[in-house]
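[1] below are the sequence and a predicted model for it; my questions follow.
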Amino acid sequence: MEFSEYQTKSRATAQYPSIGHPVVYPTLGLANEAGEVAGKLKKVFRDKGGEISAETRAALQAELGDVLWYLAQVCTELEISLDEVAEANIAKLLDRQQRGKIRGDGDNR
């Protein structure tokens, strides 16, 4: 599935309250779901010696799907396509890699 198709199809399921600005609710949801991914991984290292089981992998896949859904809604609210986000991000990373700046800090390296 292409990002643009996902963004369009996922929008049909978007039903959430407007909190001030329509981008607020999906942004909070995105942060929450990303936290759930981090929490599941934290428990893998805390409780399972770093071994990611098939069950945990499936749970992570489901949470990552939720991250993707909220990301798509944030993009839609901002009138940005997921395709554009992906294209710009990979161009930025490849440029950093070419210049030997893939590691380090700061947005403008």
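    The structure has been received and is ready for your questions. Only a predicted model underlies this, so the values are computations on that prediction, with no experimental measurement involved. Numbering: from 1, shown residues only.
[2] residue 23 and residue 76 touch, don't they?
    No: Residue 23 is beyond contact range of residue 76, at 9.2 Å (criterion: CB atoms under 8 Å). To be clear about C-beta, it is placed using only N, CA and C from the backbone, and glycine gets the same treatment.
[3] of the two, which one has the most company?
    Per other CB atoms under 10 Å, whichever of residue 23 and residue 76 has more neighbours is residue 76, with 19 against 16.
[4] which pLDDT value belongs to that one?
    Per-residue confidence (pLDDT) for residue 76: 98.
[5] hmm, it is touching residue 13, no?
    No: counting by CB under 8 Å, residue 76 sits too far from residue 13 to count as a contact (11.7 Å).
[6] what's the nearest residue to residue 23 if we skip its chain neighbours?
    Leaving aside its sequence neighbours, residue 23 sits nearest to residue 77 (CB to CB, 6 or more residues apart in numbering; 4.1 Å).
[7] residues contacting the one you found?
    By CB atoms under 8 Å, 6 or more residues apart in numbering, the contact list for residue 77 reads 21-23, 26.
[8] pipe these into JSON lines and attach pLDDT and secondary structure per row.
    As requested, the contacts of residue 77 are exported to JSON lines (pLDDT from 0 to 100; DSSP: H, G, I helix; E, B strand; the rest coil):
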{"residue": "21", "pLDDT": "94", "secondary structure": "strand"}
{"residue": "22", "pLDDT": "95", "secondary structure": "coil"}
{"residue": "23", "pLDDT": "97", "secondary structure": "coil"}
{"residue": "26", "pLDDT": "98", "secondary structure": "helix"}
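[9] tell me which of the residues you listed is nearest to residue 109?
    Each of the contacts of residue 77 was scored against residue 109 by CB to CB, and residue 23 proved nearest at 27.5 Å.
[10] now the closest one: how far from residue 58?
    30 Å (CB to CB, to the nearest Å).
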